[in-house]
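Engineer: sequence and predicted structure are below.
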Amino acid sequence: MKYALLLMGHVNDPACGEEGGASPEEFFAFDKEITAAGVVVDSFALEDPDDGGVIVSSDENGERVVSSGPFAEVKEFVGGAYIIDVANIDEAIEWARKSPGSAPGGHVEIRPLAPY
Amino acid sequence: MPSESPDDRNPPADAPLADPVESARNALAAIDRDARTRILATLARRFSDLDLAEDMIQEAFAQALHTWPQTGVPNSPEAWLITTAKRKALDVVRREGVLAQKLARLRIEEEREPTPHAYADPATRVGEQPAESVPDDRLALFFACAHPALKTEDRIALTLRFVAGLSTNEVAHGLLVPVPTMQQRIVRAKKRLRTLGVPLDVPHHRDLPERLVAVQRVIYLLYTEGFARSTGREHIRDDLTAEAIRLARVLRSLTPHVAETTGLLGLLLLTQARRPARTDGAGKPVSLAEQDRAMWDRELIAEGLALAEEAARAGEGGPYAIQAAIAAVHGEATTFADTDWAQIVVLYRMLEQVEPGPIVKLGRAVAIGRAFGPAKGLRQLDDLQTDPVLQGLRQFHTARAITLEELGDREAAVAAYCQALELPGNDAEDEFLIAMLADIND
């Protein structure tokens, strides 16, 4: 089954970002390990939403409007993602456990890919 | 007439043949709930899909009705059904083209065998029991269904419904939720299981502790349903209570140092010890006050007391350890009047701290009435009148009725007994309540 591992960060969490949380080296090491395991279908990392995020949404009249992101009320953001192909949720959980993304300051959300 | 032996129903090939359709029907009827659960367990573990497993078992039964009259009943009908249902499930999985990887995991090569011949015993091929972390098929599936990807309440509902074999109504009653809510919950949980790809496999040793609480709960609720059925004719279902105790014993052998497992087994044994006195000759329930304590099973009490003490010594104060302690106070009292109700009140207060719930509040209110007089008891019970769960439970209105009767308020007692009678319960309880009403009116 294919699963998305969404590596989530939390806005204004002191344990997340440059001051705290997992280091880039830890992410690189994890990336190497999961890639070597041959389960990665695709993956990407995203820039910090403060530095580069633009929101396209609809206003109350249904008109598209463009603004700088992130949404003020959003407390968490996607920092990156892996699409992996593994036997079942337990294997996906195993990878999410290993990921620095689930260290203090972040969490990993596992979502099965819809088959359409 | 000698008692009917299996041979009477299933004559050897050289005996004059009974009607083959009849033989097939009888053989299928002999597949009891336990056997059905075993078949379901095997398929569910294989395919991680409860719906598919259920559908394919249905189809295998249908096929047996068609095939067995022609080929004869196989030596092991259960193994035949498992093999047939597995093969049908594989066909479905293949037809629907579900994920090549899932198929690979199912080791299709092993499955690409001809249709089991009815006379051959496929059990020899089906049995595949490597050393596992859980030494019992059903208990293993309890642990599998307690997967953290499911909400705690869904884990328990799903397990009770599909692995323990209770009806949706019984599960709803056990978990104190309305039946339609339970139906939705079960549908949702099954869908989640399938969508997420949760393997219904024996979990890793490491995963057992976090799943233990749900498994303990399932065993407890299984016993509870057997102890006083939510519906049906008889008051007690001894097959359910026996199975719950068997599973509690296996669980204890698996987690001998977990106080709550010890407490759970102690609680079940101390409760079970009263079984011989709990119904009269006609199957009508006998209240704790009226029970002939000479009929209590002394051996079970001794074993239960030792377990309750062991659980209490751990000092964790978990819900099963406390309930075992309450059962121990009853078990040690030689007469109803001798019961140390003040101690029971204290224990219920402790229980309420760790497991606040309507049933616990009811137990505490009853204990207060016994310890400090029916007037105090009634005040406690009346305070609980607004609880919607208790309003819908027979035990609550029965407890009120008995208290009101003791206070001499016959009219209110009659009203409370009548309220209890209107609520769902088993037929034997109906008889008990009707007899209580008749006594008041004498």
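Structural biologist: Arrived safely.

Engineer: quick one, strands of chain A?
Structural biologist: In chain A, the strands defined using DSSP state E lie at A:2-10, A:40-45, A:54-58, A:64-68, A:76-85, A:106-112.

Engineer: for chain B, which of those is the nearest?
Structural biologist: Nearest to chain B, of all the strands of chain A, is strand A:106-112, at 5.7 Å by Cβ to the nearest Cβ. Using the backbone N, CA and C atoms, a C-beta is placed for each residue, glycine as well.

Engineer: helix, strand, or coil at B:M350?
Structural biologist: Here B:M350 takes the helix state, with states given by DSSP: H, G, I helix; E, B strand; the rest coil.

Engineer: thought it was touching B:G317?
Structural biologist: Yes. If you go by Cβ atoms under 8 Å, B:M350 and B:G317 touch, sitting 6.2 Å apart.

Engineer: which residue lies nearest the spatial centre of chain A?
Structural biologist: A:L7 (2.6 Å; Cα atoms, centre = their mean).

Engineer: er, chain B I mean
Structural biologist: Nearest to chain B centroid, counting by Cα atoms, centre = their mean: B:L222, 1.9 Å.

Engineer: which residues does that one contact?
Structural biologist: B:160, B:164, B:166, B:240, B:243-244, B:247 (Cβ atoms under 8 Å, 6 or more residues apart in numbering or on different chains).

Engineer: residues of the helix or strand hosting B:I402 that come out buried?
Structural biologist: For B:I402, the host element (DSSP states H and E) is helix B:394-406. Buried residues in helix B:394-406, counted by 16 or more other Cβ atoms under 10 Å in any protein chain shown: B:394-405.

Engineer: tell me what it is packed against?
Structural biologist: The contact analysis (3 or more Cβ pairs under 8 Å, 6 or more residues apart in numbering or on different chains; DSSP states H and E) places helix B:394-406 against helix B:358-372, helix B:374-383, helix B:410-422, helix B:427-441.

Engineer: just give the number of residues close to B:E170.
Structural biologist: 26 (other Cβ atoms under 10 Å in any protein chain shown).

Engineer: same thing with the one 4 residues further on?
Structural biologist: Residues lying near B:G174 (other Cβ under 10 Å) number 22.

Engineer: ditto for the one 5 residues further on
Structural biologist: Burial of B:V179 is recorded as 15 neighbouring residues (other Cβ under 10 Å).

Engineer: my read: it touches B:A172, true?
Structural biologist: Yes. If you go by Cβ under 8 Å, B:V179 and B:A172 touch, sitting 4.5 Å apart.

Engineer: would you agree A:R64 is in contact with A:S58?
Structural biologist: Yes. Contact between A:R64 and A:S58 holds when scored by Cβ under 8 Å: they sit 6.0 Å apart.

Engineer: report the contact partners of the closest residue to B:L407 other than its chain neighbours.
Structural biologist: For B:L407, ignoring the flanking residues on the chain, the nearest one in space by Cβ to Cβ, 6 or more residues apart in numbering or on different chains is B:P374 at 5.1 Å. Applying Cβ under 8 Å, 6+ apart to B:P374 gives the contacts B:403, B:406-407.

Engineer: make a markdown table out of the residues you listed and add pLDDT.
Structural biologist: Below are these laid out as a markdown table (pLDDT from 0 to 100):
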| residue | pLDDT |
| --- | --- |
| B:T403 | 96 |
| B:E406 | 93 |
| B:L407 | 95 |
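
Engineer: closest to chain A out of those?
Structural biologist: For the contacts of B:P374, the nearest to chain A is B:T403 (50.8 Å; Cβ to the nearest Cβ).

Engineer: contact partners for the closest residue to A:I110 other than its chain neighbours?
Structural biologist: Once flanking residues are discounted, A:I110 sits nearest to A:A92: 5.1 Å by Cβ to Cβ, 6+ apart. Shown in contact with A:A92 (Cβ under 8 Å, 6+ apart): A:1, A:3, A:5, A:84, A:86, A:110, B:197.

Engineer: identify the farthest-apart pair in these.
Structural biologist: Maximum pairwise distance among those (Cβ to Cβ): 13.9 Å, between A:L5 and B:G197.

Engineer: quick one on the thing from earlier: could I get the strands of chain A as TSV with mean pLDDT?
Structural biologist: Below are those laid out as TSV (pLDDT from 0 to 100):
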stretch	mean pLDDT
strand A:2-10	92
strand A:40-45	94
strand A:54-58	84
strand A:64-68	84
strand A:76-85	92
strand A:106-112	94
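
Engineer: okay, these, which one's buried deepest?
Structural biologist: Of all the strands of chain A, strand A:2-10 has the most neighbours on average by mean count of other Cβ atoms under 10 Å in any protein chain shown, namely a mean of 21.

Engineer: circling back to that earlier point, tell me how far the residue nearest to B:L407 lies from B:P276.
Structural biologist: 29 Å (Cβ to Cβ, to the nearest Å).

Engineer: now do B:P319
Structural biologist: Using Cβ to Cβ, which is the criterion applied here, B:P319 is 27 Å from B:P276.

Engineer: which one of these two has more residues nearby?
Structural biologist: Neighbour comparison, B:P319 and B:P276: the larger count goes to B:P319, with 22 against 14 (by other Cβ under 10 Å).

Engineer: contact partners for the more buried one?
Structural biologist: B:260, B:263, B:351, B:354-355.

Engineer: just the buried ones out of those, please.
Structural biologist: Looks like these have B:260, B:263, B:351 buried, using 16+ other Cβ under 10 Å.

Engineer: verify the stated contact: the first one with B:E316.
Structural biologist: Yes. Under the criterion of Cβ under 8 Å, B:E260 lies in contact with B:E316, with a separation of 7.3 Å.

Engineer: rewinding a little: pick the one among the buried ones among the contacts of B:P319 closest to chain A.
Structural biologist: Closest approach to chain A among the buried ones among the contacts of B:P319 (Cβ to the nearest Cβ): B:E260, at 25.2 Å.

Engineer: need the residues of the stretch 151-300 of chain B near chain A, please.
Structural biologist: B:195-199, B:201 (Cβ under 8 Å from any Cβ of the partner chain).

Engineer: now with 7 Å?
Structural biologist: B:195-199 (Cβ under 7 Å from any Cβ of the partner chain).

Engineer: from chain A, how far out is B:A324?
Structural biologist: 34 Å (Cβ to the nearest Cβ, to the nearest Å).

Engineer: now do the phi/psi pair for that residue.
Structural biologist: Main-chain torsions, B:A324, degrees, to the nearest 10: phi -70, psi -40.

Engineer: spit out the contact partners of it.
Structural biologist: B:263, B:266-267, B:270, B:307-308, B:311 (Cβ atoms under 7 Å, 6 or more residues apart in numbering or on different chains).

Engineer: and the contacts of the helix holding B:I402?
Structural biologist: Counting by Cβ under 7 Å, 6+ apart, B:362, B:366, B:369, B:374, B:377-378, B:381, B:390, B:412-413, B:416-417, B:419-420, B:423, B:425, B:429, B:433, B:440 sit against helix B:394-406.

Engineer: can you check stretch B:410-430 too?
Structural biologist: Counting by Cβ under 7 Å, 6+ apart, B:229-235, B:283-285, B:392-394, B:397-398, B:400-401, B:404-405, B:433, B:436-437, B:440 sit against stretch B:410-430.

Engineer: how about 6 Å then?
Structural biologist: B:229, B:232-235, B:283-285, B:394, B:397-398, B:400-401, B:404-405, B:433, B:436-437, B:440 (Cβ atoms under 6 Å, 6 or more residues apart in numbering or on different chains).

Engineer: picking that back up, any idea what sits nearest the residue nearest to the centre of chain A, other than its immediate chain neighbours?
Structural biologist: That would be A:G101: by Cβ to Cβ, 6+ apart, it lies 3.5 Å from A:L7.

Engineer: state the distance from the spatially most distant residue from the centre of chain A to chain B.
Structural biologist: Here the centre of chain A is the reference, and by Cα atoms, centre = their mean the most remote residue is A:N61, at 31.7 Å. Distance, A:N61 to chain B, by Cβ to the nearest Cβ: 36 Å.

Engineer: residue contacts, that residue?
Structural biologist: No contacts exist for A:N61 under Cβ under 6 Å, 6+ apart.

Engineer: pop out the phi and psi values for it.
Structural biologist: Dihedral angles (degrees, to the nearest 10) for A:N61: phi -90, psi 0.
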